[in-house]
Structures are given as structure tokens and as C-alpha cells.
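Q: predicted model follows, preceded by the sequence.
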Amino acid sequence: MPTTHNVIIIGSGPAGYTAGLYSARAMMEPLMFAGYMSGGQLMLTSDIENFPGYPEGIGGPEMMMELRSQAERFGLNVIDKNVEKVDLSSRPFGVWVEGVEYRSESLIVCTGAEAIWLGVKGEDAQKGRGISTCATCDGAFFKDEEVVVVGGGDSAMEEATFLTRFASKVTIIHRRDVFRASKVMLDRAKNNPKIEIMTHRQVKEWLGDEKGLKGAIIQDPRDGSQEQIACTGAFIAIGHKPITGFLDGQIETDSEGYILHVENTMTSVPGVFAAGDVVDTRYRQAITAAGMGCQAAIDSERWLESQH
């Protein structure tokens, strides 16, 4: 039989590493499966200026390395592999990684949510060099510059309106002329003199070099005609998808797949906790994810104590 751990943390990022830090300091000997792409969304963020304690800012990957090494110093055991499936039908829970079974009395799920990207030419090269999925995180880098927002829902309108605090002009690019956004959010964007809305347009290619984004080629899907638009920043706001497929429906989620909390950070399965963007559809910030990771670690520790 495999060794039974006190707690296994699935996923990394600010939520996972903070949960690992707190669990390790509580002598719970946590095991983390950080994933092949450990570090979460912040691995795609070049500069973080809004996390307390970094007055000069810090690079996303650098911050994740610091969080990880801090947690490891207290005894977090990190394995950079993906969890394939779990069995939550009985305790200890089963966790399978590359065909090997691990067992744990409690789980903390911190797998996050991934932004949905356009997948067009030039996008990968410009991620973190001008193309972002978070205006709150990166908007301040585009002071007095022209930026675009891609999307037609509330999040796109919210991002565009927020960006007018910094950018000289914000262009919303939407492939249709019907918007999913609520009337109040759409009207707010339409009435903002800094915002231009381009309907029946979709991005075909991002233009730029190693120094950053320069613009985009956009196409009218009705007739295929193309034009070039200048921008130094672009924000993709077409949605996120939580990374919960490996759970195979064993935990209660909302209609989009985000995990629901039942009591504090506990999920619908007693002994399984969740933190960060896999839960959070509202804030999606490193600081809130870290705070929830702390809560989940404390909740799991107290819950385990209550079982004895």
C-alpha cells in the first residue's frame, strides 16, 4: 500500500505555494503536485507591481520561484508532475500521477483557471510583452498608450473601462454586433470618450518583435477584408476555464466548472479543500489566491485534528 500523507496539494501558483508554506510550518509534511507547468498564470506575467512587499515590482516567474523556495525551506515536497485522476469516494483519497497511486487524508485543490486565448499567429511570441489577460494586473504599464480589448462580455467592458485610467485610447474588438455584456456595462463603455468599439472584427495576427507588441491585423468575418491597427497593449477578455477535468465530476462545481465552497474553503467532499482561481470568478489576483491558500491550509489542518 502507498504511504498515506496528511495533505496533498494539487496545483501550484500563489494559492498552492501559500497552502504548502502554511501546511509545512504546521508540521503536516505536505506533498505538492505542482504540474509540468508549475507556477500558474503568473509564469506568463513579466512584471508584478501590486503584490505587497515588492516596492520595485517583481517578475512573475521570479516571484513564483521565491514562493516555492520559501515553502520548500519549511519542508514542502514539490513534484513537478500533473495529477491524472483522483478517487474521492472514500478516505484516504487516491491520487494518480503517471500511473502511480498516492494516498492522502486531505486534499487542497489549487489548479487555477486558464485564460482562453485566441490562438492566432504571433500570440505566443507576444504573451507578457504586450498581450495580457488581466487589465488589473497589467493596465498601469500602458500609460498614454493605445491598447485593444478583445471580447464582447461584461469582463471585456470592465477591462476596457478600467484601462481608460491609463491608456490614451482603448479599442474594443468584437466579432459580432451583438454583445453578451449587460446593458449597463455596455453603455458605460459606449459613453466613454476614450473607448472605440469595432464590431464585426476579429484578430487574425498580432504584430510585434522582441521589444513588444506593435499592432494587429484584424479581419471582417463577413467579407474577409483586412486592416491593420496600431496598439502596444492587448487584453484578451473572452473568458477563463477552470482546470478541474481531473476531478471527473466528483466535486460540486458551478455551471462553468468552478469549484464551489460549502463551508469556509471546504468543498462538497469533506476533507477536500480548494483555493485560488479554481474557485474565484471575481477577483483573480495573486494576493487573493495566496490568502485563500492560507485559509485552505488552516482549514485542512483543523479539519484533520477534528477527525481524531
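A: Noted; the coordinates are in hand. Because the structure is a prediction, the values reported are computed rather than measured. Residues are numbered from 1 along each chain as shown.
Q: can you show me the strands along the stretch 151-300 of the chain?
A: Here the stretch 151-300 of the chain has its strands, by DSSP state E, counting those that start in this stretch, at 169-173, 195-198, 202-209, 212-219, 226-230, 233-236, 240-242, 272-274.
Q: return the most buried member of those.
A: Scoring the strands of the stretch 151-300 of the chain by mean neighbour count under mean count of other CB atoms under 10 Å gives strand 272-274 as the most buried, with a mean of 29. Where C-beta positions appear, they are placed from N, C-alpha and C, glycine not excepted.
Q: now for it, which elements pack on it?
A: Contact here means 3 or more CB pairs under 8 Å, 6 or more residues apart in numbering; DSSP states H and E; on that basis strand 272-274 packs against strand 100-109, helix 286-306.
Q: show me the contacts for the closest residue to residue 250 other than its chain neighbours.
A: In space, and not counting its chain neighbours, residue 250 is closest to residue 88: 4.5 Å by CB to CB, 6 or more residues apart in numbering. The neighbourhood of residue 88, defined by CB atoms under 8 Å, 6 or more residues apart in numbering, consists of 107, 247, 250, 251, 269, 272.
Q: of the residues you listed, closest to residue 36?
A: residue 247 (18.1 Å; CB to CB).
Q: give me the number of residues near that closest one?
A: 25 (other CB atoms under 10 Å).
Q: my guess is it contacts residue 86, does it?
A: Yes. With contact defined as CB atoms under 8 Å, residue 247 and residue 86 form a contacting pair (6.3 Å).
Q: and for those two, which residues touch both?
A: Common neighbours of residue 247 and residue 86 are not found (criterion: CB under 8 Å, 6+ apart).
Q: where does the prediction get shaky in the protein?
A: Per-residue confidence for the chain (pLDDT under 70) gives these ranges: 46.
Q: what's the helix or strand for residue 149?
A: Assessed by DSSP states H and E, residue 149 sits inside strand 146-150.
Q: other SSEs contacting that strand?
A: helix 154-163, strand 169-173, strand 233-236.
Q: mind checking how far residue 61 is from residue 172?
A: According to CB to CB, to the nearest Å, residue 61 and residue 172 sit 30 Å apart.
Q: go on, residue 113?
A: Residue 113 sits 23 Å away from residue 172, going by CB to CB.
Q: cool, residue 63 as well?
A: Applying CB to CB to residue 63 and residue 172 gives a distance of 31 Å.
Q: and if you look at residue 155?
A: Distance from residue 155 to residue 172, counting by CB to CB: 12 Å.
Q: try residue 227
A: Distance from residue 227 to residue 172, by CB to CB: 16 Å.
Q: end to end on stretch 132-145, go ahead and measure it.
A: With CA to CA, to the nearest Å applied, stretch 132-145 spans 15 Å between its terminal residues.
Q: and it, what's buried?
A: Neighbour counts over stretch 132-145 (16 or more other CB atoms under 10 Å) mark 132, 133, 134, 135, 137, 138, 139, 141, 142, 145 as buried.
Q: if we can go back for a sec, would you turn the helices and strands packed on strand 146-150 into JSON lines with distance to residue 125?
A: Converted to JSON lines, these look like this (distance: least, CB to CB, whole Å):
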{"stretch": "helix 154-163", "distance to residue 125": "22"}
{"stretch": "strand 169-173", "distance to residue 125": "19"}
{"stretch": "strand 233-236", "distance to residue 125": "13"}
